[in-house]
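Participant: with the sequence up front, the predicted model follows.
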Amino acid sequence: QVQLVESGGGLVQAGGSLRLSCAASGRTFSNYAMGWFRQAPGKEREFVGAIDWNGSNTYYADSVKGRFTISRDNAKSTVYLQMNSLKPEDTAVYYCGADQSFTSWVSDYDYWGQGTQVTVSS
């Protein structure tokens, strides 16, 4: 089992920045690729970005490309999501997920955190 705990959400004005963290415990963190997803009210959970096992590769949804950056620190068993130039449409609950494959598919992820709310005011 892998336990994931997100933190860092909050209320920010449009154009502002937030950094989310996801701390993992349980199994060996470096064995898992990590993904960030978000879910707005009434919508399905959608892919934001993912990072591979050692941080060498990342990829992002088009909607956040150039604004969001994922990184990880395997020594701290933590993955980060730096969000810049935030827009009201980025408002959602943000979740991190862990999977042994490097994937953007929600259904592939075996482990999830509880989520952290991000609200961007206009």
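Facilitator: Looks like it arrived, so ask away.

Participant: alpha carbons only for contacts and neighbour counts from here, please
Facilitator: OK.

Participant: now the residue nearest the centre of the chain: which helix or strand?
Facilitator: Nearest residue to the geometric centre of the chain (C-alpha atoms, centre = their mean): Trp36, 2.5 Å. Under the criterion of DSSP states H and E, Trp36 resides in strand 33-39.

Participant: swap in Tyr94?
Facilitator: Here Tyr94 sits within strand 92-99, counting by DSSP H and E.

Participant: pairing partners for that strand, with directions?
Facilitator: Next to strand 92-99 in the sheet, as set by DSSP bridges, lie strand 33-39 (antiparallel), strand 111-112 (antiparallel), strand 116-121 (antiparallel).

Participant: strands along this protein, start to end?
Facilitator: Per DSSP state E, the chain carries strands over the ranges 2-7, 10-13, 18-26, 33-39, 46-51, 58-60, 68-73, 78-83, 92-99, 111-112, 116-121.

Participant: Trp105: which of the ones you listed is closest?
Facilitator: Checking the strands of the chain against Trp105 by C-alpha to C-alpha gives strand 46-51 as the closest, at 7.2 Å.
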